[in-house]
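Asks: Test case, fold it:
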Amino acid sequence: MDTPVGKSTLGEMLPFLIIIGILLVFLIFCIKMVRLTSQAKKREKQQLNLLRQQGLTIHTEFPHVNGLPIAENLLCEVFSFPNRIEFKSGTTNITLMREKITYMCIKTDTEIQQQLVSSIGGTIAGGAMFGTLGAVIGGRAKTKQIKTVTKYLIITYMNNQNQLAYIGFEIPNGFALSSAYSLIEEFNRLNTNTDVHIDL
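Replies: You can find the predicted model right below:
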């Protein structure tokens, strides 16, 4: 008994119709994602313009190493204003007033590692150079499989207990490095902590 031509054609076309349907769904999903991404970028741009009107001078981001109440390696946005620096990662927002900042510099992991090795007792040396942050960076350098030089932005400030504390970020190569130098240049220009006194 012969199969009707209509049913045969429909059966043969069914896999193609399913593939076309899947492609259409995927296309609609891609268009929706592009729109959402575009809207998010637009909102971010509007927010940055608003912050610039409020005095924002530098906006950048670095992977966090140590010093802030956020996880290590988490990407952290940095917003620099004339009177403060704000840090944002996810829903966590932290403000550091400029009058508390005493020093800002870029150091390599090899420099800090050498300081650790040249002093007696590795962890004590880490405490001598950027505290816990120094020990974390020194430990990273020690366990590296491939010997490459990594740069870090280090912010030294006086905490609420009137003690020196440190915030560290890894500086990836590229745009982030120029942003780090811009932050240091701005700090040197705006710094008012010319006479820091510490009681031991």
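Asks: C-terminal to the helix or strand of the chain with the lowest mean pLDDT, which secondary structure element comes first?
Replies: Least confident helix or strand, the chain: helix 122-128 with a mean of 46, by mean pLDDT, DSSP states H and E. Once helix 122-128 ends, the next helix or strand along the chain (criterion: DSSP states H and E) is helix 131-142.
Asks: Output that following helix in PDB with nothing but the alpha carbons.
Replies: Extracted C-alpha coordinates of helix 131-142, given in PDB (Å, rounded to 0.1, in the frame of the first residue of the first chain):
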ATOM      1  CA  GLY A 131      51.400  43.500  56.400                       C
ATOM      2  CA  THR A 132      49.100  40.600  55.500                       C
ATOM      3  CA  LEU A 133      48.900  41.900  52.000                       C
ATOM      4  CA  GLY A 134      52.700  41.600  51.600                       C
ATOM      5  CA  ALA A 135      52.600  38.000  52.900                       C
ATOM      6  CA  VAL A 136      49.800  37.100  50.400                       C
ATOM      7  CA  ILE A 137      51.600  38.700  47.400                       C
ATOM      8  CA  GLY A 138      54.900  37.100  48.500                       C
ATOM      9  CA  GLY A 139      53.200  33.700  48.800                       C
ATOM     10  CA  ARG A 140      51.800  34.100  45.300                       C
ATOM     11  CA  ALA A 141      55.200  34.800  43.900                       C
ATOM     12  CA  LYS A 142      56.700  31.800  45.700                       C
END
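Asks: tell me which residues in that helix are buried?
Replies: Residues of helix 131-142 classed as buried by neighbour count (16 or more other Cβ atoms under 10 Å): Gly131, Leu133, Gly134, Ala135, Val136, Ile137, Gly138, Gly139, Arg140, Ala141. C-beta coordinates here come from the backbone N, C-alpha and C atoms, glycine included.
Asks: The closest residue in space to the first one that isn't next to it in sequence and Glu44, how far apart?
Replies: Using Cβ to Cβ, 6 or more residues apart in numbering and skipping residues adjacent in sequence, the residue nearest Gly131 is Tyr166, 5.3 Å away. The span separating Tyr166 from Glu44 equals 29 Å under the rule Cβ to Cβ, to the nearest Å.
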